[in-house]
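Participant: pasting the sequence and the predicted coordinates here, then a few questions.
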Amino acid sequence: MSLPWTFDNRYVQALPGDRSADLRSRQTPEVLWSLAPPTPVSGPRLLAWSEAMARTLGLSPEALSQPALLQALSGNELLPGMIPYAMRYGGHQFGNWAGQLGDGRVINLGEVSVQGQRWELQLKGAGPTAYSRGADGRAVLRSSLREFLCAEAMFHLGVPTTRSLSLVATGDEVLRDMLYDGNPAYEPGAIVCRVAPSFIRFGHFEILAARGEATLLEQLIDFCIARDYPELVEAFPEGEDRRAAWFKTICERTAIMVAHWMRVGFVHGVMNTDNMSILGLTLDYGPYGWIDNFDPRWTPNTTDRAQRRYRFGRQPEIAYWNLGCLATALESCFSDREALKAGLSHYAAVFAETQQAFTVAKFGFAALDACEAELMERAYRLMSQAEVDMTLFFRALADLDPQQPEVATLRPAFYSESEYAQHHGAWLRWLNDYVAQLPQDPAALAQLRTRMQAHNPIYVLRNYLAQEAIEAAEAGDFSKLQRLQRVLQQPYTVQPDAADLAAKRPDWARQKPGCSMLSCSS
Ligand code: AMP
Ligand code: MG
């Protein structure tokens, strides 16, 4: 049986690259990619795949059992038409310019179009490339499983994201110092096949601007618009207006993505500009995490523990800062800088508007006037004071009896009995003020509730759930991974056999590595 894919690989066809296939780490001036044949692995085994993604790519379950596909998804063989390449990009890491980075452990296999939609396929962890900077180009099972699961979970939550097709064990071991404490250990290796319409990052443009490669910068802008934003080519005649619309749309998509993160309680953890997608997709799932008890200061990333640059509550501001870096990189290609400024203002406006719409929906308000805004702020303040679980709180709120509001309805969301008792009075006052804002009409109320349930997930990939699935998988048991995959496909729908997956974080997971603390080691 043949696979339904025809590769056209526009990125490598249209843009200059280094075709030497030299995998030694190096600077690669004047090119946008370098040929990078994957390094074979000893014992590839398909551990999991996303049915939804496979379907979208036109793959039947039978196609997934073809040996040639497994070989391709493990980097052992290429399918006809695939060209393996690593992309060159730079980036600002933790606020500082870091120079050339690039796909150090990602190898793109090519671009396919399925039913009019273009997809770029790439393997994460398939061996070194010119951009590995001395590292091994591999990925461990724990981080691969986290990325594989979370990207698909985000997709089903309605958050713009890159996707995952497959998770393959390599059969080889990888040496990692997980806690950066001088105790490296061997861990099982794995490879995720990631999929997105484009993996171009802000850093692609930044490296060209930083190195003064002006012609290439112009070329990449035009390529990105033509391939990734074809609607702008139709809507605008060539020239400045089209570029202005392009930057504005990038800002808009980024704003919508971050508003979604805030809605579902997702913390990216490493919002460096090399991890920012030109399509406003959540990209590079590393030490990410989910908010359990509501805390805007929380970050899962131990590498960022001191500064907390990428903490939950700061993500909207950081995205703006990152867009500012992109604007600076693009400046030389815009005669009118006002267009870039207008794009950045558009980010702020779209973020505010989207965040407001989500807030209204999450709380079940009819609008967000001064009174509701005050209620919202008071709720968030109370939630952070009394350790209240964000996900459980919003679902419980929809269960409230507006005739007789009781704090007990919210009780499952509290982490501490004593805090519950201590803050009971403040919450009761809040609930009474809250129900006073709700409509009396039962039909209107029911409508608001339905909207609440569509914006407040029940099931998110809580950090400890991912960790439990990892520990089981490392012991050869994939049932937890499969169960999470299944339940997270319908995150807004009550699933009777999955109550445990909607429970709050158990106490043992509060400080455990992998559950609340993650490093960049992956
Ligand atoms: P990240 O922090 O995962 O976004 O990675 C930052 C940069 O380091 C990217 O250019 C990655 O490709 C590269 N990188 C991270 N881990 C490895 C690895 N094990 N081997 C090669 N490159 C890596
Ligand atoms: Mg990255």
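Facilitator: Yes, it's here. Ligands and ions are numbered 1, 2, ... in the order given.
Participant: can you count the residues close to whatever residue of the chain ends up closest to ligand 2?
Facilitator: The minimum distance from the chain to ligand 2, using Cβ to the ion, falls at Asp284 (3.9 Å). Glycine gets a C-beta too; all of them are placed from N, C-alpha and C. Asp284 has 22 neighbouring residues, counting by other Cβ atoms under 10 Å.
Participant: list the contacts of the closest residue to it other than its chain neighbours.
Facilitator: Computed as Cβ to Cβ, 6 or more residues apart in numbering, the closest residue to Asp284 that is not its neighbour in sequence is Asn275, at 4.2 Å. Neighbouring residues of Asn275 by Cβ atoms under 8 Å, 6 or more residues apart in numbering: Gly91, Arg201, His268, Leu283, Asp284, Gly286.
Participant: likewise for Arg146?
Facilitator: Tyr285, Tyr288, Ala466, Ile470.
Participant: who touches the one helix or strand Ala454 maps to?
Facilitator: Assessed by DSSP states H and E, Ala454 sits inside helix 442-455. Contacts to helix 442-455, defined as Cβ under 8 Å, 6+ apart, come from residues 263, 358, 361-366, 394-395, 397-398, 402, 438-439, 492.
Participant: repeat for stretch 279-287
Facilitator: With Cβ under 8 Å, 6+ apart, stretch 279-287 has contacts from 143, 146-147, 150-151, 154, 159-162, 196-201, 228, 250, 252-257, 261, 266, 268-270, 275-277, 300-303, 518-520, 522.
Participant: that stretch: how far from the chain's middle?
Facilitator: Distance of stretch 279-287 from its chain centroid, counting by Cα atoms, centre = their mean, to the nearest Å, is 3 Å.
Participant: any residue of that stretch touching ligand 1?
Facilitator: Yes: Stretch 279-287 comes into contact with ligand 1 (Cβ under 6 Å from any ligand atom), by way of Asp284, Gly286.
Participant: quick check: buried residues in that stretch?
Facilitator: Neighbour counts over stretch 279-287 (16 or more other Cβ atoms under 10 Å) mark Leu279, Gly280, Leu281, Thr282, Leu283, Asp284, Tyr285, Gly286, Pro287 as buried.
Participant: now swap in stretch 319-339 and tell me
Facilitator: Result for stretch 319-339 [16+ other Cβ under 10 Å]: buried residues Ala319, Tyr320, Asn322, Leu323, Cys325, Leu326, Ala327, Ala329, Leu330, Cys333, Phe334, Ala339.
Participant: farthest-apart pair in the residues you listed, please.
Facilitator: Greatest spacing in the buried residues of stretch 319-339, by Cβ to Cβ: Ala319 and Cys333 (21.7 Å).
Participant: highest neighbour count among the contacts of Arg146?
Facilitator: Tyr285 (29 neighbours).
Participant: would you say it is within a strand?
Facilitator: No: judged by DSSP: H, G, I helix; E, B strand; the rest coil, Tyr285 forms no part of a strand; its state is coil.
Participant: going forward, count from 310.
Facilitator: All set: I'll call the first residue 310, so the last point we hit is now Tyr594.
Participant: what does the stretch 560-709 of the chain put close to ligand 1?
Facilitator: So far as Cβ under 6 Å from any ligand atom goes, the stretch 560-709 of the chain lies against ligand 1 at Val579, Asn584, Asp593, Gly595.
Participant: can we see that at 8 Å?
Facilitator: Within the stretch 560-709 of the chain, the positions adjacent to ligand 1 are Val579, Asn581, Asp583, Asn584, Asp593, Gly595 by Cβ under 8 Å from any ligand atom.
Participant: do the stretch 310-459 of the chain as well
Facilitator: Going by Cβ under 8 Å from any ligand atom, the residues of the stretch 310-459 of the chain near ligand 1 are 398, 400, 402, 410-415, 434, 437-438, 440-448.
Participant: make a ChimeraX selection of whichever of these turn out to be buried.
Facilitator: Buried subset of those, written as a ChimeraX selection, criterion 16+ other Cβ under 10 Å:
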select :398,400,402,410,411,412,413,414,415,434,437,438,440,441,445,446,447,448
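Participant: can you dump the C-alpha atoms of the helix-or-strand element of the chain with minimal mean pLDDT in PDB for me?
Facilitator: Least confident helix or strand, the chain: helix 370-373 with a mean of 86, by mean pLDDT, DSSP states H and E. C-alpha atoms of helix 370-373 as PDB (Å, rounded to 0.1, in the frame of the first residue of the first chain):
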ATOM      1  CA  PRO A 370      -4.800   2.700  10.600                       C
ATOM      2  CA  GLU A 371      -3.400   0.200   8.100                       C
ATOM      3  CA  ALA A 372      -1.000   2.800   6.700                       C
ATOM      4  CA  LEU A 373       0.300   3.300  10.200                       C
END
